[in-house]
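Asks: sequence first, predicted model second:
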Amino acid sequence: MAYYIDIKEKAFQLYVQGASFDEIVEETKVNKKTLLRWKKREGWVPRKEKILEEMQDKNDEKQVELLADLMSKTSDLLKQTYREIKEVGSFRTMEGGVAAYIQLTNMILKLQPQKKEMKIDDVLGKVLKVLFDHPKIGLVMDKSKDDIIEKINKELGDEN
């Protein structure tokens, strides 16, 4: 029996989505032996692998963009925190403030994910934990906690 190309393509798409051959048979009404023959003859395995690899590459690119944006926003938050610390007068000297700022910046850079698998929520959680746990910055962060969380939620809400 000859099948239209759209039936073959629908069967392949179901295969790519992870459907079992029994599920594909049920959905397309094509004999299982025919499906297995198409899989072999039309190279479904390498085709599927290529599609999944392209999807992963796109996801990786998006993840990198989101992480870069997060780091930029974190840097802005760090600058704002430093300004507030300076206004509160938590440091005896400007050099002390700059030293704390450099130390905090270095901590944040260490938290920057080296692996693409690290989730943005994990990075943000670690950055905020460092900021809130810091003996001097934590006081300012705690004072502005509701405002900071509101701004973060607003920023993250705008991206989705």
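Replies: Thanks, I have the structure now.
Asks: please count neighbours and contacts with C-alpha atoms only from this point.
Replies: Will do.
Asks: now the helices for the chain?
Replies: Counting by DSSP state H, the chain has helices at residues 5-16, 21-28, 32-41, 44-88, 94-111, 120-133, 137-143, 145-159.
Asks: in a markdown table: the ones you listed, plus mean pLDDT and mean neighbour count.
Replies: Formatted as a markdown table, those follow (pLDDT from 0 to 100; neighbours: other C-alpha atoms under 10 Å):
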| stretch | mean pLDDT | mean neighbour count |
| --- | --- | --- |
| helix 5-16 | 92 | 16 |
| helix 21-28 | 94 | 16 |
| helix 32-41 | 94 | 14 |
| helix 44-88 | 81 | 14 |
| helix 94-111 | 68 | 14 |
| helix 120-133 | 72 | 16 |
| helix 137-143 | 74 | 17 |
| helix 145-159 | 70 | 12 |
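Asks: got the domain ranges for this structure?
Replies: Following automatic domain parsing, one gets these domains for the chain: 5-42, 63-159.
Asks: can you give me the end-to-end span of the first one?
Replies: With C-alpha to C-alpha, to the nearest Å as the measure, the ends of domain 5-42 fall 12 Å from one another.
Asks: all numbers from here: first residue = 39
Replies: Happy to do that; since the first residue is 39 now, the last one works out to domain 43-80.
Asks: now it, how far from the chain's geometric center?
Replies: Distance of domain 43-80 from the chain centroid (C-alpha atoms, centre = their mean, to the nearest Å) equals 33 Å.
Asks: do stretch 180-187 as well
Replies: 24 Å.
Asks: one step back: with distance to residue 86 as extra columns, can I get the domains of the chain in CSV?
Replies: Listed next are those as CSV, based on distance: least, C-alpha to C-alpha, whole Å:
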stretch, distance to residue 86
domain 43-80, 6
domain 101-197, 22
